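Undergrad: here's a sequence, model it:
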Amino acid sequence: MSDLNLPVLDFALLDAGPEQAALFREQLRAATHDVGFFYLTGTGVSAGLEQRLHRAARDFFALPEADKLAIENVTSPHFRGYTRIGGERTHGEVDWREQIDIGPERDAVTDPEAPDFARLIGPNLWPAAQPELRDVAIAWQEHLTVVARTLLRAWALTLGAPEDYFDEHFGEPSTLLKIVRYPGSTSPEPAQGVGAHKDSGVLTLLWVEPGKGGLQVERDGQWVDAPPVPGAFVVNIGEMLEYATGGYLIATNHRVVSPRHPEDRISVPFFFNPALDARLPLIALPPQLAAQARGCTQDPANPIHARYGENALKSRLRAHPDVAERWHADLLAARA
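TA: As a prediction, this is how the structure comes out:
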């Protein structure tokens, strides 16, 4: 795999003794300081679970349109459920994909004094025509939550913080699972599956249908391909981890180019983030690392907030203007 454009890390090294665990942590630090992206093998996700997820995704998108639209996200003030093709935006441009968004299963917040971002809390919308989707989605989230927590402990140690640093500051994590299908494009030019962006949270673990390319990562001002690797996740950090390290770790622009018709592509990102009301304080880096911290990227059009919920709400309002206009017109007016 030496010809790949991203580093490859073996998660199993963490259980292979102190020296191998230390090697993994050093590789993790270097990959996310230099690139912000890497492949992760050895996570223990079984081939059977991958196949179940893949089949459930294919079965969902093959449902009649009426069954999918029965759980369309415009019916959810919490931005859950199905987004039809062209229903999401990146920097105002249409993303050519359809998806279902699944978050923590919770009751909606009814307290009128709750912060704005509490509107993201609420129940999921599950397709009545495909009850098995719920079981496989829950199993997938449970396994990847363990992987994410373990990665964060490894980051804490390699950054000179206590191993439980992120455990202490995360609270109940705010997760988001997206099951996505990118239809093929007939355009003679590469089409936007998802426009260039940085993730707004902390950590993303991405599963991609085997053999299906399209993900590109920006490295040294150039777009490079990040094709799927069998048995591996593509992992990247978001703006909150860049913020927590004063820019020592870097959140990196990435995008998805649509496949060529008649091909399509299934992609399943899992976003692992702090509780909505959590603030991530800056990590006190060791001097040799602090000297290499670049400071956070400053974009007046996309400010990074210390409280995760403010970042999450900002992203959802922009990405789903139809949901925002139907349920959160007051928030849009206040931000105009």
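
Undergrad: I'd like the average pLDDT over stretch 239-255.
TA: Stretch 239-255 shows an average pLDDT of 93 in the prediction.

Undergrad: hmm, I typed the wrong one, I wanted stretch 224-235.
TA: 96.

Undergrad: equivalent analysis for stretch 137-154, please.
TA: Throughout stretch 137-154, pLDDT has a mean value of 97.

Undergrad: which residues sit against that stretch?
TA: The contact list for stretch 137-154, computed with Cβ atoms under 8 Å, 6 or more residues apart in numbering, reads 11, 14, 21, 24-25, 28, 40, 43-45, 49, 52-53, 56, 102, 163-164, 166-167, 170, 173, 175, 177, 179, 202-203, 205, 235, 268, 270, 272. Where you see a C-beta, it was placed from the backbone N, CA and C, and this is true even at glycine.

Undergrad: now with 6 Å, please.
TA: With Cβ atoms under 6 Å, 6 or more residues apart in numbering as the test, stretch 137-154 has contacts from 25, 28, 43, 45, 53, 102, 163, 166, 177, 203, 205, 270, 272.

Undergrad: the closest residue to F37 other than its chain neighbours: neighbour count?
TA: Spatial nearest neighbour of F37, chain neighbours left out: N236 (4.5 Å); criterion: Cβ to Cβ, 6 or more residues apart in numbering. Residues lying near N236 (other Cβ atoms under 10 Å) number 27.

Undergrad: thought L205 was touching N236, still the case?
TA: No - using Cβ atoms under 6 Å as the test, N236 is too far from L205 to be in contact (8.8 Å).

Undergrad: related to what we said a few turns ago, let's verify the residue nearest to F37: helix, strand, or coil?
TA: Following DSSP: H, G, I helix; E, B strand; the rest coil, we place N236 in the strand state.

Undergrad: quick one, what contacts it?
TA: N236 neighbours (Cβ under 6 Å, 6+ apart): G36, F37, T204.

Undergrad: redo that, cut-off 10 Å
TA: 6, 31-32, 35-38, 198-199, 203-206, 215, 217, 226, 250-252, 254, 269 (Cβ atoms under 10 Å, 6 or more residues apart in numbering).

Undergrad: for it, name its beta-bridge partners.
TA: F37, T204 (DSSP bridges).

Undergrad: that older thread, in strands only, show me the contacts of stretch 137-154.
TA: In strands, judged by DSSP state E, the following of these are found: I102, L177, L203, L205, F270, F272.

Undergrad: residue boundaries of the helices in the stretch 1-150 of the chain?
TA: 18-34, 47-61, 65-69, 132-158 (DSSP state H, counting those that start in this stretch).

Undergrad: hmm, back to that, need the contacts of stretch 137-154 in JSON lines (columns: neighbour count and distance to A66).
TA: Listed next are the contacts of stretch 137-154 as JSON lines, based on neighbours: other Cβ atoms under 10 Å; distance: Cβ to Cβ, whole Å:
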{"residue": "R25", "neighbour count": "20", "distance to A66": "50"}
{"residue": "L28", "neighbour count": "25", "distance to A66": "46"}
{"residue": "T43", "neighbour count": "20", "distance to A66": "37"}
{"residue": "V45", "neighbour count": "20", "distance to A66": "33"}
{"residue": "L53", "neighbour count": "21", "distance to A66": "24"}
{"residue": "I102", "neighbour count": "23", "distance to A66": "20"}
{"residue": "E163", "neighbour count": "12", "distance to A66": "50"}
{"residue": "F166", "neighbour count": "25", "distance to A66": "43"}
{"residue": "L177", "neighbour count": "21", "distance to A66": "24"}
{"residue": "L203", "neighbour count": "25", "distance to A66": "36"}
{"residue": "L205", "neighbour count": "23", "distance to A66": "32"}
{"residue": "F270", "neighbour count": "23", "distance to A66": "28"}
{"residue": "F272", "neighbour count": "24", "distance to A66": "33"}
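
Undergrad: and of these, the nearest to T245?
TA: T245 lies nearest to F166 out of these, by Cβ to Cβ, at 11.6 Å.

Undergrad: OK, contacts around that closest one?
TA: Counting by Cβ under 10 Å, 6+ apart, F166 touches 148-149, 151-153, 155-156, 173, 202-203, 241, 244, 274, 278, 280, 283.

Undergrad: next one: L63
TA: L69, A70, Y82, P127, A129, Q130, L133.

Undergrad: tell me, how many residues neighbour the last one?
TA: Counted with other Cβ under 10 Å, residues neighbouring L133 total 20.

Undergrad: would you agree it is in contact with K68?
TA: No - L133 is beyond contact range of K68, at 11.4 Å (criterion: Cβ atoms under 10 Å).

Undergrad: list residues touching both of those two?
TA: Common neighbours of L133 and K68 (criterion: Cβ under 10 Å, 6+ apart): F60, I100, P127.
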